[in-house]
Every structure is written in C-alpha cells, then in structure tokens.
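Colleague: the following block contains a protein sequence and its predicted model.
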Amino acid sequence: MATTRTANAHWEGPLLGGQGTVSLDSSGIGEYDVTWASRAEDPAGRTSPEELIAAAHSTCFSMALSHALAGAGTPPEAVDTKADVTFQPGEGITGVHLTVRASVPGLSAADFEKAAQDAKAGCPVSKALAGTTITLDAALV
C-alpha cells in the first residue's frame, strides 16, 4: 500500500535576502528555519534542501542495506551511513557521497561491498535522485 509523506515550505522575500521555514508535517516533529545563506554558505543553525536530502538518502540507504543483508542470511548488528550532498550555487546539486560503516558478523569485505553497491543502486531515494518525473500544481494566491 502506498504512503504519502508531507512537508511544507514557507518563504518570504527574495532569494538572497529572504527567509523561510520547512515543516515536517506527516510526523509533526518540527519546523526548521531556512535561508539562502544556510544553503550556500554557513548553516548557522538552519537547514537546507540538501541537508534534508542527505537525511533522506542516508536513512533510505541504511534501511535498504540492512534489508538486503538480512535477506541474505547475514543481518547486520549496526549500519551507520553518512550522506554528503554537495550544492554549487548556479549549478545545483552536483553530487552525493555515501559513507557507510557496518558490523556484519560472518560477512566478507567483498560481499559487503557488493551488498552496499546494490543498496546504493536500489534504494528509492537513490533512484529518485538518478532521475524521476516531477509533477507540479502551481497557482497564485
């Protein structure tokens, strides 16, 4: 069964001098400040679209890898993944680098590398970032 998760962004002012918030509405766990500076310069306690993508990607990848390892009979004790999403003003997102460290008893380094590569290719966020159809409903208020 499909699920839908919702976040909302509110922005005021121009890109460079404006500011906004993003709320995680499905979970209700918070509202976070965002500015151009938090995206392209120093975060200074605010978030950015790239940080939110990094959070989604690191979590999705960890879940996909854990699932694959368990399905192969070698469930992990722990999987720790860091996602670095690079943003270049004027170009956009230029890359994502995943770093994973895991404890998987009985699994060889080669088998872990293969499982990690498969998870990178197969996790839904990886697939979305590789290219997906984006739809839009736009209206003036």
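Modeller: Thanks, I have it. Numbering: from 1, shown residues only.

Colleague: rest of the way, CA atoms for contacts and neighbours
Modeller: OK.

Colleague: thinking residue 65 is in contact with residue 117, fair?
Modeller: No: shown here, residue 65 and residue 117 do not form a contact pair, counting by Cα atoms under 8 Å, at 9.0 Å.

Colleague: pLDDT score for residue 65?
Modeller: For residue 65, the pLDDT comes out at 96.

Colleague: show me the contact partners of the helix or strand containing it.
Modeller: In the assignment (DSSP states H and E), residue 65 maps to helix 49-71. Contacts with helix 49-71, where a contact means Cα atoms under 8 Å, 6 or more residues apart in numbering, come from 39, 75-76, 79-87, 93, 96, 98, 115-116, 119-120, 122-126.

Colleague: buried subset of the residues you listed?
Modeller: Burial by neighbour count, 16 or more other Cα atoms under 10 Å: within the contacts of helix 49-71 this picks out 39, 75-76, 79, 81-87, 96, 98, 115-116, 119-120, 123-126.
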